[in-house]
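>>> Next one to model:
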Amino acid sequence: MKYTENAVNILTVRTFERKGAEWINEHLKGNESITSICCLLNTTEEDFIKNATSLRVLYQN
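Next comes the predicted model:
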């Protein structure tokens, strides 16, 4: 099954502490860039991409 980048980004946001459905509904509208998501999360793109890559591997199998 293929996941859109937007879906992977939302799943990745959920891996960060205290970032649940309510936070996502308040801060994300859809199709944000990784840079803007990282600014909202106050994290680095490197950490975000590492988490996203882990999720992609998990859901590929």
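>>> Please identify the helix or strand for Arg18.
Using DSSP states H and E, Arg18 maps to neither a helix nor a strand.
>>> what's the spacing between it and Gln60?
28 Å (Cβ to Cβ, to the nearest Å). From N, CA and C alone the C-beta is placed, and that goes for glycine too.
>>> Quick check: Leu55 touching Leu11?
Yes. At 5.3 Å, Leu55 and Leu11 qualify as touching, with contact defined as Cβ atoms under 8 Å.
>>> Between Arg18 and Gln60, which has more neighbouring residues?
Between Arg18 and Gln60, counted using other Cβ atoms under 10 Å, Gln60 has the larger neighbour count: 9 against 6.
>>> Counting neighbours, what do you get for Phe16?
Phe16: 16 surrounding residues under other Cβ under 10 Å.
>>> surely Ile10 meets Trp23?
No. Using Cβ under 8 Å, Ile10 is not in contact with Trp23; the gap is 10.8 Å.
>>> the more surrounded of those two?
Ile10 (18 against 15).
>>> Leaving out chain neighbours, which residue sits closest to that one?
Ile24 (6.1 Å; Cβ to Cβ, 6 or more residues apart in numbering).
>>> quick one: that neighbour from Gln60, how far?
23 Å.
>>> If anything else comes up later, I'll come back, but that's it for now.
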